[in-house]
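S.K.: give me a model of this one.
(one chain, ligands or ions: 1)
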Amino acid sequence: MKFVEYPDREFLMLKLADVIAGELADFLRREGRASLCVPGGTTPGPIFDTLSGVDIDWANVAVFLNDERWVPEDSPRSNTRLLRERLLVGRAAAAQLVPLYAPADQPEDRLAELAEGIAPHLPISVLLLGMGADMHTASLFPGADRLEEALTDSAPTLMALRADAAGEPRITLTAGPLRAAMNIHILITGAEKRVALEKAQHLTPAEAPVKAILANATVHWAE
Ligand SMILES: O=C(O)[C@H](O)[C@@H](O)[C@H](O)[C@H](O)COP(=O)(O)O
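M.R.: Residues are numbered from 1 along each chain as shown. I've put the predicted structure just below:
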């Protein structure tokens, strides 16, 4: 794991957006297409604001979430809604959104078709992850009902998980496709998450799911 500390959050968001744009541009130059997998939650909005204005060939970029809360897209809890409002605007409106949600009562009802949509875009070119103070990443929550399976390399690409801390049911990429990403960035802010990250390094992935992705990741932190 590589750890990069920034003087403040604003600088972190600008720099990391720049790094991600550079990595996407490299993939586009070499392969003519790229995939970008991003978190929802409250932290990444400013990165999305900057990235959405970057001048790259967005039409050949597939964008999808690390995980989604099983709520309709008009819910304030919808990560897809965040993507539509903050990332897929401006120049980035040309990108292809690969859905991690489709209307249904339970994620299991749509899992197979959503996984089929993601498959052509693996391995992920550029992966941005968030982390909770409980050391979850994507929707791999400590104590989640199917966490053990989701951490194995033989797990399907996408799984539905339930955890008390998660609120609604979740759909999430599993550890395998996350670990296999070509570039992995973890974005965390604040003292509490820094302490949690340090703790995670001494725990097992079952106790601290972010540990399953740490080995090849660069962690970006500001107070
Ligand atoms: O749907 C989600 O909640 C996310 O994708 C999740 O994995 C997130 O990255 C962390 O919970 C951190 O969230 P915050 O940035 O809000 O602290």
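S.K.: going forward, measure contacts between C-alpha atoms and count neighbours the same way
M.R.: Fine.
S.K.: near the ligand, which residues of this structure?
M.R.: By C-alpha under 6 Å from any ligand atom, the part of the chain that sits against the ligand consists of 39-43, 66-69, 129-132, 137-139.
S.K.: go with 8 Å
M.R.: Within the chain, the positions adjacent to the ligand are 38-44, 65-69, 78-79, 129-133, 136-140, 166, 188 by C-alpha under 8 Å from any ligand atom.
S.K.: in strands, which of those residues appear?
M.R.: Among the residues of the chain next to the ligand, the members found in strands (DSSP state E) are Val38, Leu65, Asp67, Glu68, Arg69, Leu129, Ile188.
S.K.: as TSV, the residues you listed with pLDDT, distance to Arg146 and neighbour count would be great.
M.R.: Putting these into TSV (pLDDT from 0 to 100; distance: C-alpha to C-alpha, whole Å; neighbours: other C-alpha atoms under 10 Å) gives the following:
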residue	pLDDT	distance to Arg146	neighbour count
Val38	99	22	23
Leu65	99	20	25
Asp67	98	15	28
Glu68	98	16	27
Arg69	98	16	26
Leu129	99	20	24
Ile188	98	25	24
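S.K.: just the buried members of the residues of the chain next to the ligand?
M.R.: 38-41, 43-44, 65-69, 78-79, 129-132, 136-140, 188 (16 or more other C-alpha atoms under 10 Å).
S.K.: for the protein, what's the longest helix?
M.R.: Looking across the chain with DSSP state H, the single longest helix is helix 9-31.
S.K.: who's in contact with that helix?
M.R.: With contact meaning C-alpha atoms under 8 Å, 6 or more residues apart in numbering, helix 9-31 is reached by 6, 33-36, 44, 46-48, 50-51, 54, 56-57, 60, 125-126, 183, 189, 220-223.
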